[in-house]
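Asks: okay, here's the prediction I keep looking at, along with the sequence it came from:
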Amino acid sequence: MSGFVFQPLNIGSLRVDWPVFLAPMAGYTDGAFRSLCLEQGCGAVVTEMVSAHGLIRHHLRTEHFLDTWEDEQPIGAQIYGSDPGVMAEAAAMVADLKRFDFLDINAGCPMPKIRNRGDGAGLMRDPAKMAEITRQVKAAVAGTLPVTVKTRIGWDADSVNVLETTAGVEEAGAEAIFVHGRVASVRHAGPSDWNLIAEVQRARRIPVIGNGGVKVAADVFRMVRETGVGGVMIGRVALGNPWLFRDIRNLAAEREPRRPEIAEVRAAIHEHLRRELELMARRGKRELKLGAELTACLVLRPHLVRYLRGFRGFGVLARTLEERVDAATLLKRVDAVLASGRRQGA
């Protein structure tokens with residue numbers, strides 16, 4: 001890559017100077033991980049998906065999906081649901097927090113328990129409802145937050161309708177669209193259809209951000225060249241690898257990406273757990289059945305699989321991950337894995 005420079009992206013009133021986004025991923029992208037990615041050069045982040053029904057009923061667990069770390073900016077809050085009125089009410093609640101820079105409507109989650117009840121990617125089967133949700137959410141936030149929609153190219157291979165759905169949400173007032181280049185039925189399997197993302201980019205007047213198919217830093221720039229999108233959203237490949245965002249910046253500046261040193265991995269894991277501990281401590285004993293420390297360790301557990309799977313000693317740790325242990329014990333086990341060194345070729 002030679003001297004690539006992203007142009008700042010304007011999403012309504014929000015200017016994103018470096019439009020490389022961390023995708024919302026349930027069970028992973030809480031404030032602890034998002035903040036680590038921002039520190040490594042990510043341009044903007046989004047919360048895990050938040051149930052609109054849970055928000056308006058003031059479920060504490062749901063509300064905590066909106067917890068943020070210090071100085072998380074720019075940050076969007078993503079809500080999901082299929083009732084336009086409920087989505088609008090939840091959007092107004094998010095806006096009232098005055099903590100977020102944009103509000104994203106989830107019309108792309110492929111998890112069966114979400115899509116099969118008409119939420120998330122299930123909205124792609126009802127383009128009129130998707131547009132109506134966008135319209136009511138837009139009215140509910142009354143210009144206080146830009147509204148975006150994250151979607152997929154279709155429900156399945158026989159119903160690829162992203163040009164129709166994105167036209168509807170654009171007309172309804174969405175100010176940007178995140179397009180994942182796979183249908184909902186395959187979830188994350190198979191190639192991402194960048195040609196179709198390019199078609200959406202050509203057809204829409206509002207910014208289009210591409211998602212899906214990025215495996216290494218260079219793919220970000222390849223997606224932009226091949227599709228013309230104004231930004232790129234990165235998902236699973238960033239898990240356990242917040243340094244990917246550093247690599248992207250380095251490539252843009254004509255510097256070679258570099259694998260993190262083992263000491264960097266150790267520091268990141270220790271800091272990740274420290275932030276999880278602080279986030280859990282804010283919730284108080286009443287909300288956490290296992291207490292802040294054990295809960296933080298459990299939250300970190302799926303991240304450890306990503307951070308450490310290239311190390312020789314990971315198999316030993318993997319067999320003990322189901323155990324409930326305190327922070328000191330967990331970090332001692334992590335350090336032992338790191339001391340084992342990376343597998344050849346990992």
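Replies: Yep, it's here.
Asks: now do the same contact list for Arg258.
Replies: Arg258 makes contact with Asp247, Asn250 under the criterion C-beta atoms under 8 Å, 6 or more residues apart in numbering. Placement of C-beta: from N, CA and C, glycine included.
Asks: what pLDDT does Ala142 get?
Replies: Looking at Ala142, its pLDDT is 87.
Asks: which helix or strand contains the closest residue to it other than its chain neighbours?
Replies: Nearest residue to Ala142, sequence neighbours excluded (C-beta to C-beta, 6 or more residues apart in numbering): Ala95, at 7.8 Å. Using DSSP states H and E, Ala95 falls within helix 84-97.
Asks: whatever helix or strand comes next after that helix pairs with which strands, parallel or anti?
Replies: Note on helix 84-97: by DSSP H and E, the next helix or strand toward the C-terminus is strand 102-107. If you go by DSSP bridges, strand 102-107 pairs up with strand 75-80 (parallel), strand 147-154 (parallel).
Asks: picking that back up, same question for the helix holding Ala95: list its buried residues.
Replies: For helix 84-97, the neighbour count (16 or more other C-beta atoms under 10 Å) marks Pro84, Val86, Met87, Ala88, Glu89, Ala90, Ala91, Ala92, Met93, Val94, Ala95 as buried.
Asks: quick one, domains of this protein?
Replies: 9-252, 262-339 (automatic domain parsing).
Asks: weakest of those domains by average pLDDT?
Replies: Mean pLDDT values for these show the minimum at domain 262-339, a mean of 90.
Asks: end to end on that domain, go ahead and measure it.
Replies: Length of domain 262-339, first residue to last, C-alpha to C-alpha, to the nearest Å: 9 Å.
Asks: and the gap between the spatially closest residue to Gly230 that is not a sequence neighbour and Asn161?
Replies: Distances taken as C-beta to C-beta, 6+ apart put Pro207 closest to Gly230, at 4.4 Å, once the chain neighbours are dropped. Remark: distance between Pro207 and Asn161 (C-beta to C-beta, to the nearest Å) = 20 Å.
Asks: next one: Pro110
Replies: From Pro110 to Asn161 the distance is 15 Å (C-beta to C-beta).
Asks: also Met124?
Replies: 6 Å.
Asks: list the buried residues in stretch 192-199.
Replies: Here stretch 192-199 shows Ser192, Asp193, Trp194, Leu196, Ile197, Ala198, Glu199 as buried, counting by 16+ other C-beta under 10 Å.
Asks: which one of those is nearest to Gln40?
Replies: The closest of these to Gln40 turns out to be Ser192 (C-beta to C-beta; 23.2 Å).
Asks: I figured the closest one hits His180, correct?
Replies: Yes: taking C-beta atoms under 8 Å as the definition, Ser192 is a contact partner of His180 at 7.2 Å.
Asks: what sits in contact with each of those two?
Replies: Counting by C-beta under 8 Å, 6+ apart, the residues touching both Ser192 and His180 are Asn211, Gly212.
Asks: ignoring the adjacent residues along the chain, who's closest to Ile248?
Replies: Excluding the flanking residues, the one nearest Ile248 by C-beta to C-beta, 6+ apart is Ala217, at 4.7 Å.
Asks: number of residues surrounding the one you found?
Replies: By other C-beta atoms under 10 Å, the residues close to Ala217 number 22.
Asks: for the stretch 151-300 of the chain, what spans make up the strands?
Replies: 176-183, 208-211, 231-234 (DSSP state E, counting those that start in this stretch).
Asks: most packed of the domains of the chain?
Replies: domain 9-252 (a mean of 20; mean count of other C-beta atoms under 10 Å).
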